[in-house]
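Enquirer: model the following, please.
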Amino acid sequence: MQEAVKAMRSGSLRARDSAERAAGVDQALSNMGGSVQRINDMAAQIASACEEQSSVTEEIARNISDICSTQASQHLSQLSSGLAQLVGRFRV
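Expert: Okay, the predicted model is just below:
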């Protein structure tokens, strides 16, 4: 009879231990779920920042192109004025 009581106590202790471990696993899984959500949020923020940076880079490239075009136009205008002065020296 004592063997049966010891076995029941042992089984009860194991069951309680298993329940506590299961609760610990549940908490760990819950924590992991929260961590995964934070990682997903950070990934979304990074993607958004990359898009913004790409837009800014494109705008800078357009501005540089416009500046180069403006400088080229000014240079052509100066060359044109110089050529007009040279042509003006010739008499027909």
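
Enquirer: ranges for the helices of this protein?
Expert: For the chain, the helices defined by DSSP state H cover 2-89.

Enquirer: so how far is residue 36 from the residue positioned nearest the centre of it?
Expert: Closest residue to the average C-alpha location of the chain: residue 46 at 1.8 Å, with C-alpha atoms, centre = their mean. Using C-beta to C-beta, to the nearest Å, we find residue 46 at a distance of 15 Å from residue 36. (Each C-beta comes from the backbone N, C-alpha and C, glycine too.)

Enquirer: pLDDT below threshold where in this structure?
Expert: Across the chain, residues meeting the criterion (pLDDT under 70) sit at 92.

Enquirer: swap in 90 and give it another go.
Expert: For the chain, the stretches with pLDDT under 90 are 1-30, 86-92.

Enquirer: about what we covered before: list the contacts for the residue nearest to the centre of the chain?
Expert: By C-beta atoms under 8 Å, 6 or more residues apart in numbering, residue 46 lies in contact with nothing.

Enquirer: please report how far it lies from residue 56.
Expert: Distance from residue 46 to residue 56, by C-beta to C-beta: 16 Å.
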